[in-house]
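Undergrad: how would this look folded up:
(3 chains)
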Amino acid sequence: MNLLSYFQNQNSQTHNTAAVAKERLQIIVAHARRQRDPSTLDCILPHLQQELLEVVRKYIMVDDDDIKINLERDGDYEILELNITLPEQELAKNEK
Amino acid sequence: MAALELKGNLLTLMVLHLLETNIDNIANQLAEKVSKAPMFFQQAPVVIDLNAVSDENGIDLLEVITVVRHSGLIPIAVRGGNSQQQEMALSLNLGILTNTIPTNECAPEIEDPSISIPSQTKIVTQPIRSGQQVVALNGDLIVLAAVSHGAEVLAHRHIHIYGALRGRALAGVNGDSEARIFCQQFNAELLSVAGQYMVNEDLPEDLLGKPVQVYLQDKSLKIISL
Amino acid sequence: MAKIIVVTSGKGGVGKTTTSAAFATGLALRGIPTVVIDFDVGLRNLDLVMGCERRVVYDLVNVINGEGNLNQALIKDRRVDSLYILPASQTRDKDALTLKGVAKVLEVLKKRFEYIICDSPAGIEHGAIMAMYFADAALIITNPEVSSVRDSDRIVGMLAAKTRRAINNLEPVKEHLLLTRYDTKRVEKGDMLSAIDVTDILAIPMLGIIPESQSVLHASNSGTPITLDRESDAGQAYLDVVARFLGETPPKREKKSLFTRLFGK
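TA: Here you go, the predicted structure:
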C-alpha cells in the first residue's frame, strides 16, 4: 500500500463511520426532544392515565394497576391503546 | 429511614498553639509557616490552643481569628484558655474543646498509659486502597501490603508497612513521640509522628522508593534508609 | 449458576460501556446466554454502542417500578443469537434504582442467562454501588494514566467493602484488571504508565490489555460491538479477554498480543 492510498483509506473509513454516527445521533436526539415536548403523547401519557382512572372510578371501583395505557408507533401511525380490567363483582352486578 | 446520624468520631486535627499575644509576631510567623506548604494548609480546619496564654489578658481573639482565616486556615474551635477567652470564642461562633492536656491537680492515676490500656497490635493483610482509612487504637499497625495514594493509616504507636507506602501515614497520633514509621518502599504523601508532619514536597528525593524508617529527633522528623 | 459481572472504573470515559458491549458480545458469540444491563440511569449509552437505540421501549427503571415487564424491556440482539440488552432509563435519575428492585430483576435474569454483565455508571455514588452490589466478579477498567489508576484503586476498595459478598462475609468479588487505550509507542517513550507499573500499583490480576485503536471509535460510531470486528486489534484483544476469563489460553496469533508479550500467557 503506498502512502497516498493509506491516507485515502484512513480518510474514507473515518468519514464513513462518522457520517453513520451523526445520522444515528440525529434520530435519537430528535426522538428525545419530542419526548420532552409537551405537545406529544409520550409526555402526557402518565397524566392521561391518571385522569382516565379518575373518570372510570366515578362509576366503577378499579385499582391503579387495572388500567393499562400503551402507545405504539407503526411507521407514521400512532396507536393509543387503553385497557381497563373491570372487577368481576361489578360485572356480575351489571348483568343482573 | 433516619434523616441523620450523630456519631462520635476520632479525627486528626491540626492544633495551632498560641505562645504569645503579640498579633504582629503571630501573623508573621504563621504566614511564614503557611508559605512552606500552601496547598497543605489551604482550607484546613484548625483548633487554636490557648493554654500557654490563658494567664494573659492582652489577647484579642478576633484579631487572631482574622489572621488565621487570612492565612487560608479555617479555625473551628479553641482549646483551653480562661473563661473570658472562651466567652469571646463562643461569641465568634467557635467551639470550645475540653482541655486534654493533663495538669497536675486533675490528672487521675488512670491516665498513666503504661497500666491503663493494654497495647493492641492491628494487622492488615490486604492493600489499603485510595479513600480508605485504617486506624490502630492503643497500639501498632502492621500492614502486609501497599498503602495506596489517597489512603490513610493512623496508629497510636508504630506503623509497619511491608509494602509500598504511597498514601499518608500518621504514627503516635495521641502524642507518642517515641512512635516510628517503617516501610518497604517509601513514596508517602504525608508523614507524621506525634503531630510533627512532613508533606511529600519536602521528602528527601534520594530515599524515594527505598525502605526507610521515620522517627522524631529534637521535635523534627528524621527519615533514614533501613 | 448464573454469574453477575460488574464492569466498573470510578473514572468516566475509560471504556466501561465499550468493554461491557464487547465482553457480553464475546461471551454470546460462544453461544452462552448473556444479558448486558445499562446501570447508567439518566445517561444511558449502552444502547448506542450496541446499536439498538431505536428499539428501546421499556427500560430497567420501568421494570423495577412494574411499569413494564422484563420481557418487554429486554432487547434481543439482531446479530448474535444468545445476546440481550436491558437499557437504562434516560428520563429518570440514579436514585430510581433500589437494592430491592435491582435484586428482583437480577433474580429473574439469573434463571434465563448464564452471564449478567452490569455496565456501571462513572463515580462512586449510588448508581455505581447499585451496579456492583450483587456482583460475583468485576472487570476494573483502567487507562494507563494517573487519575484513572487512582480511581480504580478506590473502586477496588469499594468492591471489598460495599458489595453483597463483602457485607455478608462471603467469598470476595473476583477482581480482574483490564487496561484499555494502551499505546505501546508512548509507553516505550516513557510518556505512559506501563502495564507492569499499573499492576504493581493496583495489585490485582491482569485479564487483558486493549490497545488504543481507531477501530473502537468506528465501532461505536456504527453501533457495532468491537468484538464483531474480527479484523481489528482491539476486537481480537477483547476476544482474548473473554477466553482468559473463561479459563482458556487464547489462540496464538501471528502478531503477538500485548498481553502475551508482557505477561507471557
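Undergrad: For residue 25, I want the exact helix or strand it lies within.
TA: In the absence of a named chain, chain A is used. helix A:3-36 (DSSP states H and E).
Undergrad: right idea, wrong chain: chain C
TA: Assigned by DSSP H and E, C:Thr25 belongs to helix C:16-28.
Undergrad: same question, C:Ile85
TA: Under the criterion of DSSP H and E, C:Ile85 resides in strand C:83-86.
Undergrad: Could you list the contact residues of the stretch 151-265 of chain C toward chain A?
TA: Contacts of the stretch 151-265 of chain C with chain A, taken as C-beta under 8 Å from any C-beta of the partner chain, map to C:Gln214, C:Leu217, C:His218, C:Ser220, C:Asn221, C:Ser222, C:Gly223. From N, CA and C alone the C-beta is placed, and that goes for glycine too.
Undergrad: Give me the buried entries from the residues you listed.
TA: Listed as buried from these are C:Leu217, C:His218, C:Ser220, C:Asn221, C:Ser222, C:Gly223; burial here means 16 or more other C-beta atoms under 10 Å in any protein chain shown.
Undergrad: for the first one, what are its contacts?
TA: Contacts for C:Leu217 (C-beta atoms under 8 Å, 6 or more residues apart in numbering or on different chains) come out as A:Thr17.
Undergrad: Pull up the gap between it and C:Asp40, please.
TA: 20 Å (C-beta to C-beta, to the nearest Å).
Undergrad: Let's test this: mean pLDDT of the very next helix or strand once past the strand holding C:Ile85, rounded?
TA: Next in sequence after strand C:83-86, counting helices and strands by DSSP H and E, comes helix C:99-112. Averaged over helix C:99-112, pLDDT sits at 96.
Undergrad: which secondary structure elements does helix C:99-112 contact?
TA: strand C:34-38, helix C:60-64, helix C:70-73, strand C:115-119 (3 or more C-beta pairs under 8 Å, 6 or more residues apart in numbering or on different chains; DSSP states H and E).
Undergrad: now the residue sitting furthest away from the middle of chain C: how far from chain A?
TA: Relative to the mean C-alpha coordinate of chain C, counting by C-alpha atoms, centre = their mean, the farthest residue is C:Lys189 (29.7 Å). Note on C:Lys189: its distance to chain A, by C-beta to the nearest C-beta, to the nearest Å, is 23 Å.
Undergrad: Over to C:Met132?
TA: Distance, C:Met132 to chain A, by C-beta to the nearest C-beta: 28 Å.
Undergrad: Residue in chain B with the shortest distance to chain C?
TA: Per C-beta to the nearest C-beta, B:Arg129 is where chain B lies closest to chain C, at 3.0 Å.
Undergrad: Check what pLDDT that residue gets.
TA: 94.
Undergrad: tell me the contacts of it?
TA: B:Arg129 touches B:Ser148, B:Ala151, C:Asp153, C:Arg154, C:Val156, C:Gly157, C:Ala160, counting by C-beta under 8 Å, 6+ apart.
Undergrad: In TSV, list these along with secondary structure and pLDDT.
TA: Output for the contacts of B:Arg129, formatted as TSV (DSSP: H, G, I helix; E, B strand; the rest coil; pLDDT from 0 to 100):
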residue	secondary structure	pLDDT
B:Ser148	coil	94
B:Ala151	coil	93
C:Asp153	helix	93
C:Arg154	helix	93
C:Val156	helix	95
C:Gly157	helix	93
C:Ala160	coil	92
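Undergrad: measure the residue nearest the centre of chain B to chain A for me?
TA: Note on chain B: the residue nearest the mean C-alpha position is B:Gly195, at 4.0 Å, using C-alpha atoms, centre = their mean. When distance is defined by C-beta to the nearest C-beta, B:Gly195 is 56 Å away from chain A.
Undergrad: just the helices in chain C please.
TA: C:16-28, C:46-50, C:60-64, C:70-73, C:99-112, C:126-132, C:146-159, C:164-167, C:184-188, C:195-202, C:214-222, C:233-245, C:258-263 (DSSP state H).
Undergrad: Can you tell me what sits against the second one?
TA: It refers to helix C:46-50. Applying C-beta under 8 Å, 6+ apart, the set of residues contacting helix C:46-50 is A:24, A:28, C:17-18, C:20-21, C:36, C:38, C:40, C:53, C:55-56, C:75, C:77, C:85, C:87-88, C:119, C:219-220, C:223, C:225.
Undergrad: Now list the buried members of the residues you listed.
TA: Among these, those scoring as buried are A:24, A:28, C:17-18, C:20-21, C:36, C:38, C:40, C:53, C:56, C:75, C:77, C:85, C:87-88, C:119, C:219-220, C:223, C:225 (criterion: 16+ other C-beta under 10 Å).
Undergrad: Look up the pLDDT of the closest residue to chain A within the stretch 151-265 of chain C for me, please.
TA: Here the residue of the stretch 151-265 of chain C nearest chain A is C:Asn221; by C-beta to the nearest C-beta that distance is 3.7 Å. We have a pLDDT of 92 for C:Asn221.
Undergrad: was I right about it contacting A:Ala18?
TA: Yes - the pair C:Asn221 / A:Ala18 is scored as a contact, 6.1 Å apart, by C-beta atoms under 8 Å.
Undergrad: Nearest to C:Ile32 among the buried ones among the residues of the stretch 151-265 of chain C next to chain A?
TA: Distance to C:Ile32, by C-beta to C-beta, is smallest for C:Gly223 among those, at 22.0 Å.
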